[in-house]
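>>> for reference, the sequence and a predicted model appear below.
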Protein chains: 2
Amino acid sequence: MNLNRRQFSVLAGAALAAQSLPNLRAQAEDRRIGYCIVGLGRISMDHFMPAVKLSTQSKITGIVSGHPDKARKMAAQYGVPENSIYSYETCDQIRDNKAIDAVYIALPNNMHAEYTIRAAKAGKHVLCEKPMSTSVADAKAMIEACKQANVKLLIAYRCQYEPTNLRAIELIRSGKLGTVQAIESANGFNIRAGEWRLNKKMAGGGPLLDVGVYSLNACRYLTGEEPVEVKAYSSTIDHDGRFNEVEENTSWAMKFPSGILASCNTTYGANMNGCYRVHGSKGVIDVESAFGYQGQYLKASFDDKTSLDEPNPAKDPSHFIRMGDYFSNCILKNETPKTAGEEGLRDMEWMSKIYESCGLSL
Amino acid sequence: MNLNRRQFSVLAGAALAAQSLPNLRAQAEDRRIGYCIVGLGRISMDHFMPAVKLSTQSKITGIVSGHPDKARKMAAQYGVPENSIYSYETCDQIRDNKAIDAVYIALPNNMHAEYTIRAAKAGKHVLCEKPMSTSVADAKAMIEACKQANVKLLIAYRCQYEPTNLRAIELIRSGKLGTVQAIESANGFNIRAGEWRLNKKMAGGGPLLDVGVYSLNACRYLTGEEPVEVKAYSSTIDHDGRFNEVEENTSWAMKFPSGILASCNTTYGANMNGCYRVHGSKGVIDVESAFGYQGQYLKASFDDKTSLDEPNPAKDPSHFIRMGDYFSNCILKNETPKTAGEEGLRDMEWMSKIYESCGLSL
């Protein structure tokens, strides 16, 4: 199938429209899943919360924040009652709030484990931002806590719910690309001084955990395989005070069981516009802006002279709507999410091995 | 400087025109360098010889071939006298042919060393195709033989004489890209069964030697640094009889002294359209078809919102004209070429280390 830009736009528009059809049962009974936002940072306030507002499957029913003023302001904006605002000290009380079905954890990486476990113990499902944690042990503890509490855990791998990435996977699985031989991927940005991401304790590591994880995860979902081995380097070039605790660059080669080889770069020293290129025996797929909140662009060319040129017109926060609604549906239907804790754990394990190969550790 | 496609075409055309200005002294005295072609394969007959025909610095004055009919046909076409046609057995007689200044060696990889050394001993300069050899020891012996004979040796790294690649280097050196952090490169093609390249003895190795060497060389000329270390994987996915002797895929990560990290893929299992992407603190440079005989296309975007879009309209065999004329001028002016034997040796050493990291050997 060879879609031009207009045809793709029409299809994408239709898909969005279909998604927005009122869920009559949900409207009648308000079966929307109520989320308590844990952490009022950019990703919560600018992306996840606006997405929930546009969703028919989810709603915001609580806020945990260390900033009471900001919390009250956001609560007012999203119709969250005053008594559903919690501090980090009081947040275990969400246990008694029936309007809260799940939490959305958008805290610095090193707090993911603690708040996932506290939420699980409070009987709430957990949607936790990536990277899952700052250690393999924490990731395992998170999985175990959710299992013990019989709550669901989703790691926020947006891209696995995003149409362009799904399209790349579909093209590969359909055989259209032939036998996949190799993948390149890069993701990174030029970080500003002072970000918590530069604090080793809070972040757990450098760009690998924050943005390189997208390339790692992509190599796994594109191949549909678990790697067998990884070899890597890290480096710091800019001695300008930003990289006293975490490395600036990491690059790794990865081998998959079928023989597919992947090469990836990640950095905090250059704006990389996350991308990947998948080389198959019958063609190549290129995805630009593969991991951003919008702007995904898939191009492919095949040895049979056909090609694809598929910009994705969907705007932020559509990824968050899709991911949030997916999790809400998993909760409503009691289904295990595809990017459950085990998916995050695997990335944590591979990132730990990448660091080990660099002579570093998580 | 932000050139649009038309402006770039005009400039590129002017550059080509300037290059074609008659070299009056050469015309008066016919100071053109006479090349003896060693090996009548595709690269000789379809690229190098037509290039020499278009050159004002070079001419074809001899042929060494194992196929007398083909040799006579090509000799007639290029005005080479019958007595300047040699077989592999008689080729040492080029020593007595004053019309032959240099040889162009376009043989299977494992014959590069022998014929470079024989040509050097015959007192002829040597333009040898890449990869330089099939072992580090051979590369060293080639350098030593040319040194002893006081002849020049150029390894045919076309891309180091090609305007788009030179433009990428210039953009990096000028500081326009800021601090380079990372490079991705890939080069490969889907090989047909039966090629000599699949014979380990003749080729020395798999796609790394044949096409991966372009990415390796590019990482070196783009950074202007020698790597400090490399880690790699090889694999064979297609068990269809092609890869009984050499591997199908190789992927490697490479670290440079400044901290720049590079990730490269090469394959004989997919048509890769050789490319690289250089990530700097102020922007990114993308070169598509970076290593082919034509079709180079440079795009760059910078954090200051400027961008470059520079298709290169030059057609094959312009790369061979540039490279051949460069070497002819080195000979005429008694200058050491920039891609001399030492440049080839370094790549051979790094390819040897890449294989070692894969558990293989050259």
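Yep, it's here. Residues are numbered from 1 along each chain as shown, chains lettered A, B, ... in the order given.

>>> ok now the helix or strand hosting A:G62, how far from the chain's centre?
For A:G62, the host element (DSSP states H and E) is strand A:58-64. Distance of strand A:58-64 from its chain centroid, counting by C-alpha atoms, centre = their mean, to the nearest Å, is 19 Å.

>>> who does the helix or strand following that strand touch, helix- and strand-wise?
Heading C-terminal from strand A:58-64, the first helix or strand you meet, by DSSP H and E, is helix A:68-78. The contact analysis (3 or more C-beta pairs under 8 Å, 6 or more residues apart in numbering or on different chains; DSSP states H and E) places helix A:68-78 against helix A:49-54, strand A:58-64, strand A:85-86. C-beta coordinates here come from the backbone N, C-alpha and C atoms, glycine included.

>>> let's see 6 Å
Packing partners of helix A:68-78 (3 or more C-beta pairs under 6 Å, 6 or more residues apart in numbering or on different chains; DSSP states H and E): strand A:58-64.

>>> tell me the angle the strand it packs on makes with helix A:68-78.
Strand A:58-64 and helix A:68-78 are oriented at 160 degrees to each other (axes from the mean of the first three to the mean of the last three C-alpha atoms, to 10 degrees).

>>> for strand A:58-64, give the mean pLDDT please.
Mean pLDDT, strand A:58-64: 98.

>>> packing partners for that strand?
strand A:33-38, helix A:68-78.

>>> most neighbours per residue, which of those?
Burial of these is given as mean neighbour count (mean count of other C-beta atoms under 10 Å in any protein chain shown); strand A:33-38 ranks first at a mean of 26.

>>> what are the contacting residues of it?
A:44, A:58-64, A:94, A:99-105, A:115, A:328, A:331 (C-beta atoms under 6 Å, 6 or more residues apart in numbering or on different chains).

>>> how far is that strand from where the chain is centred?
Counting by C-alpha atoms, centre = their mean, strand A:33-38 comes out at 17 Å from the chain centroid.

>>> pull up the pairing partners for it, direction included.
Sheet pairing of strand A:33-38 (DSSP bridges) gives strand A:58-64 (parallel), strand A:102-105 (parallel).

>>> with mean neighbour count added, can I get those in CSV?
Formatted as CSV, the strands paired with strand A:33-38 follow (neighbours: other C-beta atoms under 10 Å in any protein chain shown):
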stretch, mean neighbour count
strand A:58-64, 26
strand A:102-105, 27
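
>>> let me have these in CSV, adding distance to B:G295 as columns.
Formatted as CSV, the strands paired with strand A:33-38 follow (distance: least, C-beta to C-beta, whole Å):
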stretch, distance to B:G295
strand A:58-64, 49
strand A:102-105, 48
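
>>> A:N199: which of those strands is closest?
strand A:102-105 (18.2 Å; C-beta to C-beta).

>>> by contact count, what packs against whatever helix or strand comes next after that closest one?
As assigned by DSSP H and E, the chain's next helix or strand after strand A:102-105 is helix A:112-121. Helices and strands touching helix A:112-121, by 3+ C-beta pairs under 6 Å, 6+ apart, are strand A:102-105, strand A:125-128, helix A:136-148.

>>> gap between the first one and the chain center?
Spelled out, it's strand A:102-105. With C-alpha atoms, centre = their mean, you get 14 Å for strand A:102-105.

>>> now stretch A:39-57
14 Å.

>>> which other residues reach that stretch?
A:23, A:32, A:37, A:58, A:60, A:65, A:70, A:104, A:106-107, A:317, A:320-321, A:324-325, A:328.

>>> name the nearest of those residues relative to chain B.
A:P317 (25.0 Å; C-beta to the nearest C-beta).

>>> what residues does the stretch 251-362 of chain A put near chain B?
Taking C-beta under 6 Å from any C-beta of the partner chain as the contact definition, the stretch 251-362 of chain A meets chain B at A:251, A:253, A:255, A:259, A:261, A:263, A:265, A:267, A:269-270, A:272, A:279-281.

>>> for the closest residue to A:L332 other than its chain neighbours, give its distance to chain B.
Nearest residue to A:L332, sequence neighbours excluded (C-beta to C-beta, 6 or more residues apart in numbering or on different chains): A:R31, at 6.3 Å. Separation of A:R31 from chain B (C-beta to the nearest C-beta, to the nearest Å): 46 Å.

>>> how many other residues sit next to A:R31?
Using other C-beta atoms under 10 Å in any protein chain shown, A:R31 is surrounded by 14 other residues.

>>> in helices, which of the residues of the stretch 251-362 of chain A next to chain B fall?
Per DSSP state H, helices hold no members of those.

>>> quick check: the two most widely separated of the residues you listed?
A:G269 and A:S281, at 35.1 Å, using C-beta to C-beta across these.

>>> tell me which of the two has more neighbours.
Shown here are A:G269 and A:S281; by other C-beta under 10 Å, A:G269 has more neighbours (28 against 18).

>>> quick check: the residue nearest to A:V103 when sequence neighbours are not counted vs B:N165, distance?
Counting by C-beta to C-beta, 6+ apart, A:A119 is the residue found nearest to A:V103 once chain neighbours are left out, at 4.3 Å. According to C-beta to C-beta, to the nearest Å, A:A119 stands 54 Å off from B:N165.

>>> more neighbours: which of those two?
A:A119 (32 against 26).

>>> give me the buried positions along stretch A:306-313.
With burial defined by 16 or more other C-beta atoms under 10 Å in any protein chain shown, the residues of stretch A:306-313 counted as buried are A:308, A:310-312.

>>> in strands, which of those appear?
Within the buried residues of stretch A:306-313, residues falling in strands by DSSP state E are A:308, A:310-311.

>>> make CSV from these and add distance to B:S174 to it.
Below are those laid out as CSV (distance: C-beta to C-beta, whole Å):
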residue, distance to B:S174
A:L308, 36
A:E310, 35
A:P311, 32
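
>>> for A:S357, what are its contacts?
A:231-232.

>>> rerun at 8 Å
A:230-233, A:252, B:231 (C-beta atoms under 8 Å, 6 or more residues apart in numbering or on different chains).

>>> go on, A:T116?
A:105, A:126, A:128, A:142, A:145-146, A:153.

>>> change it to 6 Å
A:126, A:128, A:142.

>>> what separation is there between it and A:M45?
In terms of C-beta to C-beta, A:T116 sits 20 Å off from A:M45.

>>> for A:H67, same thing?
From A:H67 to A:M45 the distance is 11 Å (C-beta to C-beta).

>>> against chain B, how distant is A:G66?
33 Å.

>>> neighbours of A:E170, how many?
With other C-beta under 10 Å as criterion, A:E170 counts 11.

>>> oh, I was asking about A:K53
15.

>>> what residues of stretch A:149-160 count as buried?
A:149, A:151-160.

>>> show me how far that stretch is from its chain's centre.
9 Å.

>>> stretch A:325-332 too?
Worked out by C-alpha atoms, centre = their mean, stretch A:325-332 lies 16 Å from the chain centre.

>>> do stretch A:118-133 as well
14 Å.

>>> still on that earlier bit, okay, the helices and strands packed on helix A:112-121 in CSV with distance to A:G194 and mean pLDDT next?
CSV is the format used below for these (distance: least, C-beta to C-beta, whole Å; pLDDT from 0 to 100):
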stretch, distance to A:G194, mean pLDDT
strand A:102-105, 23, 98
strand A:125-128, 25, 98
helix A:136-148, 25, 98
